[in-house]
Structures are given as structure tokens and as C-alpha cells.
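Undergrad: pasting the sequence and the predicted model now:
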Amino acid sequence: MARLIPALFFLFAVLGSGAAVAALADATETTSAAPPVIVIGFMGGRVRHDNLVHSGVQLAAHLRTDYASGVHVEVFENRRGNEAHEEILRLLDTKHDGQLTQEEKRNARIVIYGTSWGASETVTLARELEKDGIPVLLTIQVDSVAKIGEDDTVIPGNVVEAANFYQPSGVLHGRREIRAADAAHTRILGNFRSDYQANPVKCEGYPWYASLLWKEHIEIECDPKIWSQVESLIRSKLPPAARRG
């Protein structure tokens, strides 16, 4: 940018103020700040976005600690999909003019994850971004339960990679398989099965009725092995974290 300044003064002298201003605008556009990597999480059921009992909220807290800048991490209740969509559009609008250019869309680096109904909302948000022409790096579903009017099975073609973690037991159990709407553009990393009847996990801090009625569904949500894998997948899409100390 420093080398452009003398050239712009030359243009001002040769072409006049109008042309120089246009050239300056072009230079500013080509050097506009890149948007942050955006990580969006969705909670299941009626769980609040800030309830640290839940692994999805804990994951977001870990990422915020390691990435003070360059990565925007936000968790939403699953009913707030529209708000999450609007927040993504706002973050991508680096020129702050209320309209996304093709360049701003191409610069998008987005990861979306969710649990239960939140996993269903993950796919729905990705599909809304597809309508906008905005790519998504990765979607992750954990014991995905489809919300009424939503399809959590087919991953839209704007998603580069998608992963599905599920358990098959109990009244509430996850989607066993996800598939790509366009296999040429979307890679399904896997449909990863866990069995909590054979390998139970102790969950602390959950309401007694949740553990009684939806035991296995709760266990996958608090299984540290699952969430370690989820976090690793997300971090693979992020820049190197700043070293502590």
C-alpha cells in the first residue's frame, strides 16, 4: 500500500482529482481487511447459548481463549438461526456498505456445528448461505435430530466438508447418515457411531429428568472423546493459535 501512495499523487497531477479519487478507491478495495474465520455453534433443545455445562459452549470458550483476534466464535440457541445468518452477513461485509460483493463472499471462511436440534439448524444455516452464494468450510452434526420443516440429512453443495457423530439408542437418537447433495463439491468425512449402552459416560450438571428420559442422547453431548474430535476438526480450519505464556 505504501508504494501506491506516490503513484496516486502522480495520477492526481496527471488525470485530475476525479480520476485520482477513483484510483484511490480501487486501491482501498484491493487491500480491504479480510473477514475473520467465523465459527458458529448451535445448542440443542432449550439450552441457552451461555450454559457452560454443555460441551458446545465449552468448546466455544476454548476457541475464544486461544484466538483473541482473527477468529469470531459465537453460540446461538437453535431457534436463533436467522440471527446467526444475519451475523455472518455482517461479519463478511468488510466494506460496511450493506451489500456483499463476490469477493467478500469468496473470502468467507465459515465453520458451523451443533447438537440435536442445533445440528439440524447447522444444515439449515448452511443451506441459507448456499442461497447467498457463500461457501462453508465445514459442518459438524452431533446426534442430529431434525426440527419440523428442516432436512438434516442432505448437506448442500456449498459445504466443502461435513461430519456426523451419532448414537443409535433411546427415544432421542441422532441421524445415522448424512449425504452430499453434490459429491463433487462436498466431502462427507464420516458418519461416526458411538454406543453408550456398551460404554456409558457420566454426565454432571444435567437435570435429572434429562438423564432419565434421554440418557444416551445426553451422553454423546458430554462425551469428551467426541468433543475432542469435534474441536480438532474445527481447529484444522483455523489459523495457528497464539502460543500462551
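TA: Structure received.
Undergrad: my read is that residue 210 contacts residue 219, right?
TA: No. Checked against CB atoms under 8 Å, the pair residue 210 and residue 219 is beyond contact range at 10.7 Å. All C-beta spots, glycine's among them, are computed from the backbone N, C-alpha and C.
Undergrad: these two: which has the busier surroundings?
TA: residue 219 (24 against 16; other CB atoms under 10 Å).
Undergrad: my read is the more buried one is in a helix, agree?
TA: Yes. Assessed by DSSP: H, G, I helix; E, B strand; the rest coil, residue 219 belongs to a helix.
Undergrad: list the contacts of it.
TA: Shown in contact with residue 219 (CB atoms under 8 Å, 6 or more residues apart in numbering): 167, 196, 200-201, 203.
Undergrad: so how far is stretch 53-71 off the chain centroid?
TA: 12 Å (CA atoms, centre = their mean, to the nearest Å).
Undergrad: try stretch 110-118
TA: The chain centre lies 7 Å from the centre of stretch 110-118; the measure is CA atoms, centre = their mean.
Undergrad: how about stretch 119-133?
TA: The chain centre lies 10 Å from the centre of stretch 119-133; the measure is CA atoms, centre = their mean.
Undergrad: show me where this structure has helices.
TA: Per DSSP state H, the chain carries helices over the ranges 4-15, 17-30, 55-66, 81-92, 102-106, 117-132, 208-213, 215-222, 224-235.
Undergrad: to residue 242, which of these lies closest?
TA: helix 55-66 (6.8 Å; CB to CB).
Undergrad: hmm, back to that, which among the helices of the chain is found nearest to residue 73?
TA: Nearest of the helices of the chain to residue 73, taken as CB to CB: helix 55-66 at 4.7 Å.
Undergrad: so which bits of the closest one are buried?
TA: By neighbour count on 16 or more other CB atoms under 10 Å, the buried set for helix 55-66 is 55-60, 63, 66.
Undergrad: and which of the residues you listed is nearest residue 101?
TA: residue 63 (27.9 Å).
Undergrad: check contacts around the closest one.
TA: So residue 63 contacts 39, 71, 73, 231, 234-235, 238 (CB under 8 Å, 6+ apart).
Undergrad: hang on, residue 176 packs against residue 168?
TA: Yes. Residue 176 lies in contact with residue 168 (CB under 8 Å); the separation is 6.5 Å.
Undergrad: wait, isn't residue 193 in contact with residue 173?
TA: No. Using CB under 8 Å, residue 193 is not in contact with residue 173; the gap is 10.5 Å.
Undergrad: the more surrounded of these two?
TA: Neighbours per residue, other CB under 10 Å: of residue 193 and residue 173, the larger number sits with residue 173, 17 against 13.
Undergrad: quick check: chain neighbours aside, which residue is closest to the more buried one?
TA: Of all residues not flanking residue 173 in the chain, residue 167 sits nearest, at 5.9 Å (CB to CB, 6 or more residues apart in numbering).
Undergrad: wait, isn't that neighbour in contact with residue 143?
TA: Yes. In this structure residue 167 lies within contact range of residue 143 using CB under 8 Å: 6.0 Å.
Undergrad: anything in contact with each of those two?
TA: 173-174, 217, 220.
Undergrad: of the buried residues of helix 55-66, just say which sits nearest to residue 95.
TA: Closest to residue 95, out of all of the buried residues of helix 55-66 and judged by CB to CB, is residue 63, at 26.5 Å.
Undergrad: quick check: pLDDT value at that closest one.
TA: Residue 63 is assigned 97 on the pLDDT scale.
Undergrad: report the separation between it and residue 188.
TA: Per CB to CB, to the nearest Å, residue 63 is found 24 Å from residue 188.
Undergrad: same question for residue 174.
TA: For residue 174 relative to residue 188 (CB to CB), the value is 15 Å.
Undergrad: the two: which has the busier surroundings?
TA: Using other CB under 10 Å as the criterion, residue 174 and residue 188 rank with residue 174 on top: 26 against 16.
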